[in-house]
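In: below are the sequence and a predicted model for it; my questions follow.
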Amino acid sequence: MAAPADFAAQPLPPWRRAVLKVGSSLLAQPGGGLDDAHARALAAFIQAARASGREVVLVSSGAVAAGRGRVGDGGEGLVLRQALAALGQAALIGFWQGLTDAPVAQVLLSHDDLRNRRRYLNARASLRELLRLGALPVVNENDTVAVDELKLGDNDNLAAAVASLVDADLLLIATDIGGLYSANPASDPTAVAITRVEQVTPALLQSAGGAAGSLGTGGMRTKLEAGAKAAAAGIGTALFCGRDADVVAALGEGRLVGTLVAPLGSRLRARQQWLRHAPASGVLEMDAGAASALGARGASLLPGGISAVRGDFLRGDVVDLVAGDALLGRGLVQYSAHEVRRIAGRHSREIESLLGFRYGEAVVHRDDLVLLDAVSAHAAGAAP
């Protein structure tokens, strides 16, 4: 097997929130069931990261293996896989709960959840709230109800989608080999370890092969596909050997022994550029206190700071944030215009009693807004 020793250590990009993907090859026992031999080091990394004030979302395979371990069925097929996933989900969550002190939360997603606007926003809000509560979200594809045309296909690409969903700074993919090679190291003695990928090209994807991959046993093609999707969202991807406890421990020390797929620009910059130029569907007028908090501290816009609502917008639309005649910012609104009118000027703790539900305490979360200077405001078409 290709060794992590082939890869020179490099600095891990700075991060505050990361998505960690762990595949079945690191968790499954032969014949079914889960083995914590490699998971213990990964759980220790998560614990240490959380203790330092960072946030981790875990994308974990293993439900089917856990289900197979309970009933011992060695068959194949989509319907059987769905049944085994249902049998194994509780065991998978219990498995990770036994390795961490944090409360573990199960989150099941399908492709339809990510392409349907309302479900996307609901998933985003739920994951954000779980992180705020100090929980460890464990995400998996909803194999129990997914069918071929709706399936995300693999948890590597699911992890990339989740990284974008939660505005992660980094995607970590634990593999069963050291990282990316120029050829299959098992059959080509001239294969060279690749420590950094600036861009995932079609030629690189082709060389990575299919599910097992000509570059190794870790399904490297899907990992590169995930890295490309994350890179397009401004998120770097680290590929590393999850079987090596020293490699996993090095992550906690800010060192990557593996392959880094570099982001295509800054995640924050890409998001802010989009918000700057997206058409606004409405306007939220802020009082002086909210305007000051927004500009000076980069705070979220809470309902108490809203003095007026203009336009007819839906949850997830872009709105302008103004104070007097000045356009101060622009962001994605978490409530519809009708709902904001009902909670404007009120305390966040009153949202649920006024609406009967709550998507969060903020009307526009700080992660979903961009501050505008006079030049940007003029370009956006509002009064500077």
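Out: Perfect, I can see it now.

In: from here on, just use CA atoms for contacts and neighbour counts.
Out: Noted.

In: domains of the chain?
Out: 4-266, 270-380 (automatic domain parsing).

In: adding mean pLDDT and mean neighbour count, write those out as a markdown table.
Out: Output for the domains of the chain, formatted as a markdown table (pLDDT from 0 to 100; neighbours: other CA atoms under 10 Å):
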| stretch | mean pLDDT | mean neighbour count |
| --- | --- | --- |
| domain 4-266 | 87 | 20 |
| domain 270-380 | 87 | 18 |
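
In: tell me where the stretch 251-384 of the chain has helices.
Out: 267-277, 288-297, 337-343, 351-355, 374-380 (DSSP state H, counting those that start in this stretch).

In: for the ones you listed, which one sits closest to H365?
Out: H365 lies closest to helix 288-297 among the helices of the stretch 251-384 of the chain, at 10.5 Å (CA to CA).

In: mind exporting the closest one as PDB, just the C-alpha atoms?
Out: Provided in PDB are the C-alpha atoms of helix 288-297 (Å, rounded to 0.1, in the frame of the first residue of the first chain):
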ATOM      1  CA  ALA A 288     -28.800  53.300  14.100                       C
ATOM      2  CA  GLY A 289     -27.800  50.600  16.600                       C
ATOM      3  CA  ALA A 290     -28.200  47.800  14.000                       C
ATOM      4  CA  ALA A 291     -26.300  49.800  11.400                       C
ATOM      5  CA  SER A 292     -23.400  50.400  13.900                       C
ATOM      6  CA  ALA A 293     -23.300  46.700  14.900                       C
ATOM      7  CA  LEU A 294     -23.300  45.600  11.300                       C
ATOM      8  CA  GLY A 295     -20.600  48.000  10.200                       C
ATOM      9  CA  ALA A 296     -18.300  48.000  13.200                       C
ATOM     10  CA  ARG A 297     -18.500  44.400  14.400                       C
END
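
In: got a list of contacts for that helix?
Out: 299-302, 305-306, 322-323, 328, 371 (CA atoms under 8 Å, 6 or more residues apart in numbering).

In: report the separation between N184 and V261.
Out: 19 Å (CA to CA, to the nearest Å).

In: wait, I meant L371
Out: From L371 to V261 the distance is 30 Å (CA to CA).

In: same question for D154.
Out: When D154 is compared with V261 (using CA to CA), they lie 19 Å apart.

In: same thing with G67?
Out: On the measure of CA to CA, G67 and V261 end up 34 Å apart.

In: A238: what's it in contact with?
Out: 170-173, 256, 258-261.

In: redo that, cut-off 6 Å
Out: 172, 259-260 (CA atoms under 6 Å, 6 or more residues apart in numbering).

In: go through those residues and name the one nearest R315.
Out: L172 (30.8 Å).

In: sheet partners, orientation included, of the helix or strand hosting that closest one?
Out: Using DSSP states H and E, L172 sits in strand 170-175. Strands that pair with strand 170-175, judged by DSSP bridges, come out as strand 17-22 (parallel), strand 236-241 (parallel).

In: chain center to the first one, what's the gap?
Out: It refers to strand 17-22. Its chain's average C-alpha position is 7 Å from that of strand 17-22, according to CA atoms, centre = their mean, to the nearest Å.

In: now do the last one
Out: For strand 236-241, the distance between its averaged C-alpha position and the chain's averaged C-alpha position is 14 Å (CA atoms, centre = their mean).

In: okay, that strand in PDB with CA atoms only?
Out: Written as PDB, here are the backbone C-alpha positions of strand 236-241 (Å, rounded to 0.1, in the frame of the first residue of the first chain):
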ATOM      1  CA  GLY A 236      -9.500  23.800  -0.100                       C
ATOM      2  CA  THR A 237      -9.500  20.000   0.200                       C
ATOM      3  CA  ALA A 238      -6.900  17.900   2.100                       C
ATOM      4  CA  LEU A 239      -6.600  14.200   1.200                       C
ATOM      5  CA  PHE A 240      -4.800  12.200   3.800                       C
ATOM      6  CA  CYS A 241      -4.400   8.600   5.100                       C
END
